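Colleague: Quick one, fold the following:
(one chain, ligands or ions: 2)
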Amino acid sequence: MNEPSANPNAGWNFDHSYARLPEFFYTKQEAKPVRAPQLIVLNDKLAAELGLNAEALRSEENVAVFAGNRLPPGAEPLAQAYAGHQFGYFTMLGDGRALLLGEQITPGGDRFDIQLKGSGRTPYSRGGDGRAALGPMLREYIISEAMHALGIPTTRSLAVVTTGETVVREQDLRGAILTRVASSHVRVGTFQYAAQFGELTDVRTLADYVIQRHYPQLAELADTGEAGRYLALLREAIQRQAALIAQWQLVGFIHGVMNTDNMTLSGETIDYGPCAFMDAYDPATVFSSIDRHGRYAYGNQPSIAVWNLSRFAESLLPLLHDEEEQAVRLAEEALKGFAGQFEAAWLKGMRSKLGLFGEQAEDAALIHDLLGLMHQHHADYTNTFLALTFGRLEEPPMAYTPEWAEWLERWRARLAGQPETDDAVRELMRRSNPAVIPRNHRVEEALEAAVKREDYSVMERLLQALAQPFAHTPEQADYAELPPASDRPYRTFCGT
Ligand SMILES: Nc1ncnc2c1ncn2[C@@H]1O[C@H](COP(=O)(O)OP(=O)(O)OP(=O)(O)O)[C@@H](O)[C@H]1O
Ligand SMILES: [Mg+2]
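Modeller: Ligands and ions are numbered 1, 2, ... in the order given. Here you go, the predicted structure:
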C-alpha cells in the first residue's frame, strides 16, 4: 500500500476535475510499489513552471512519488477508461500501465494532469504487465521535450525513475516510470468509449467537460444545431489537429502510431512510441516496425488525422442535431474544413522556412518543386533547409544538377521581388528552420549509453542541445551531422 503524504514542500497542489466525472470514465487505483526507485532525470524548468520545487522533488520521499511508492499530498490516483481504433480496428483500451495522480494547479492557475506511465497493472491492462522499460520512457522524455522546444503542442516529461525491477520483453529490460504532464489526457478514444459503452448523457458530460477544460469560450453556446456548442467543439478540435499536424509535417516528425486513442482533444501530441524524425525526405517514410502497410507514413499523417477526427465526429453525432441526416451533414461539412486549414498552416510555415514574406500564387509550386527535388535526390529534410538558410548552396544535394540551379534561380527571384532585407529573410529562416532535431542515431546513442552503461551524460548533452533547437552554436552544429549509412533505413521496434 502507498504511504500517505510526501515532502510537503515540493509544491504539489492537486485538484481532481476528472475524478468528478461519473465513475464510468475511470477506476480508482493505487500504484503498485516498486523495489528500488532511482531518479534518472528531472526536468527542473518544467518543475518550476508547475510550481514545484525541483530540489524537494529530488528528495528520497519525492523520488518515491515518481515511482508510485508514495502518494503526494492530495493525490487521488485513477486509471482512465478509453477505447480506440488501433490500425483501423476498434477495441476497448484504457490506462493499462498509467495512473493519473491528479491535476496540478500552477501558481498561475493553469491545470495540468500529472500521470505516472509504467506504474503497474490496472483493470484496463488486459494481458499486459502494466510496466514500461527505461529505454522507451527516456525516449518519450527526450522527444516530447524536443517537440516542446520546437514550439509544437505536446505532453511534457517531468521525470523518469528506474524501478529496480526487471521488465520482461523479448529480453529482460530495466523497468522505469515516466511522469508525464499534459493539458489533459482526454483522447478521441475517450469519446469512442463513451459513445460505444455508455449512454448519450455520458457523451454529453464528456463533451461539456472538454469544453470547460479546453474550449471555455464555447460554454455559453446553444446545445445543438448549426450554432450549437458540440458542433463548435468538433470544429475547434479539427482546427487544432490541422494546426498540429501541419507543425509535425514542417519539422519532419512522424508519430508512427496515430491510433484514435493517441489523439488528444487538447491538440497536444501524445504517446511517443515508435515515432521519429525523418532524415532523407520521402513521404513514404515509416519507422514503426509494426506498421507494415505504411498506414502511418509521414505523407499519410494529414489524411489519418481526418480519419481519426471522423471517428470523433461519429461519437458526437447525436449531440450535433436532433435529426441524424442533419447531424451527418454538419459533421461532414466540419471535417471538410480540415484540408483547407491544414494547407493554410503548412503553406504559411513553408513560406517562413524559405524566407518568403507575403503570399504569391506561385509559392505553392515553388515549395512542391523543392520537395520533389529533395525526394528525387534523397536530400536530408532538415539540412536542406539549413543549407538554404545559411547560403551553403555548394553543398550536396544542391550542387548536383541543373534542376537545382534552376530551382535556386526561381527562389532567388522570388526573394528579390519582396521589399524585406536579406537580414530579415535570414532571421525569418533561422527562426523557422531548426538546427537540431532529435535524430534517430543521436537518440539511440544517448539511450544506449543510459540503458547499457548507466552513463546519462550523452543524454544530458543531447537534451541541452534540443532545448535550443534554433540556436546555432558549435554544439548545435555537431548535431546536424547525418546518420551513418548503416543506420538507414532506421526502424523503431515497439518494445515498450
Ligand atoms: N505493458 C503494458 N501493460 C498493460 N497495458 C499496456 C502495456 N503497454 C501498453 N498498454 C496499453 O495498451 C494500450 C495501447 O498502448 P499504447 O502503446 O498506445 O499506449 P501507451 O504508450 O501505453 O500509453 P499512452 O497512449 O498513454 O502514451 C493502452 O491502453 C496502454 O495502456
Ligand atoms: Mg497510447
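
Colleague: Not counting its neighbours along the chain, what's nearest Leu39?
Modeller: Across the structure, with Cβ to Cβ, 6 or more residues apart in numbering as the measure, the residue nearest Leu39 apart from its sequence neighbours is Val63 (4.7 Å). Placement of C-beta: from N, CA and C, glycine included.

Colleague: What's the first helix or strand after the helix or strand hosting the one you found?
Modeller: Assigned by DSSP states H and E, Val63 falls within helix 60-66. Tracing the chain past helix 60-66, the next element assigned as helix or strand by DSSP H and E is strand 78-80.

Colleague: how about the helix or strand just after that following strand, does it get close to ligand 2?
Modeller: On the C-terminal side of strand 78-80, the nearest following helix or strand under DSSP H and E is strand 83-86. No. When contact is scored as Cβ under 5 Å from the ion, no part of strand 83-86 falls within range of ligand 2; the minimum is 7.9 Å.

Colleague: Strand 83-86 - contacts with which helices or strands?
Modeller: strand 89-92, helix 188-197 (3 or more Cβ pairs under 8 Å, 6 or more residues apart in numbering; DSSP states H and E).

Colleague: Mind listing what's buried along the longest one?
Modeller: Which is helix 188-197. 188-195 (16 or more other Cβ atoms under 10 Å).

Colleague: Please enumerate residues in contact with stretch 349-357?
Modeller: Counting contacts by Cβ atoms under 8 Å, 6 or more residues apart in numbering, the residues outside stretch 349-357 that touch it are 246-247, 250, 359, 363, 366-367, 370, 385, 388-389, 411, 414-415, 418-420, 424-426, 428-429, 431-433.

Colleague: can you pull the pLDDT of the residue in the stretch 101-250 of the chain positioned nearest to ligand 2?
Modeller: Residue nearest to ligand 2 within the stretch 101-250 of the chain (Cβ to the ion): Arg187, separated by 8.1 Å. pLDDT, Arg187: 98.

Colleague: again with the one 5 residues further on
Modeller: Gln192 is assigned a predicted lDDT (pLDDT) of 98.

Colleague: Can you tell me how far the closest residue to it other than its chain neighbours is from Arg311?
Modeller: Of all residues beyond its chain neighbours, the one nearest Gln192 is Ala83 (4.6 Å), with distances taken as Cβ to Cβ, 6+ apart. To Arg311, Ala83 is 10 Å away according to Cβ to Cβ, to the nearest Å.

Colleague: Likewise for Leu388?
Modeller: 39 Å.

Colleague: And for the residue nearest to Gln192, the neighbour number?
Modeller: Burial measure for Ala83: 25 neighbouring residues, criterion other Cβ atoms under 10 Å.

Colleague: and it, what are its bridge partners?
Modeller: Beta-bridge pairing for Ala83 (DSSP bridges): Met92.

Colleague: Residue of the stretch 251-400 of the chain closest to ligand 2, please.
Modeller: Evaluated by Cβ to the ion, the stretch 251-400 of the chain has Asp271 as its residue closest to ligand 2, separated by 3.9 Å.
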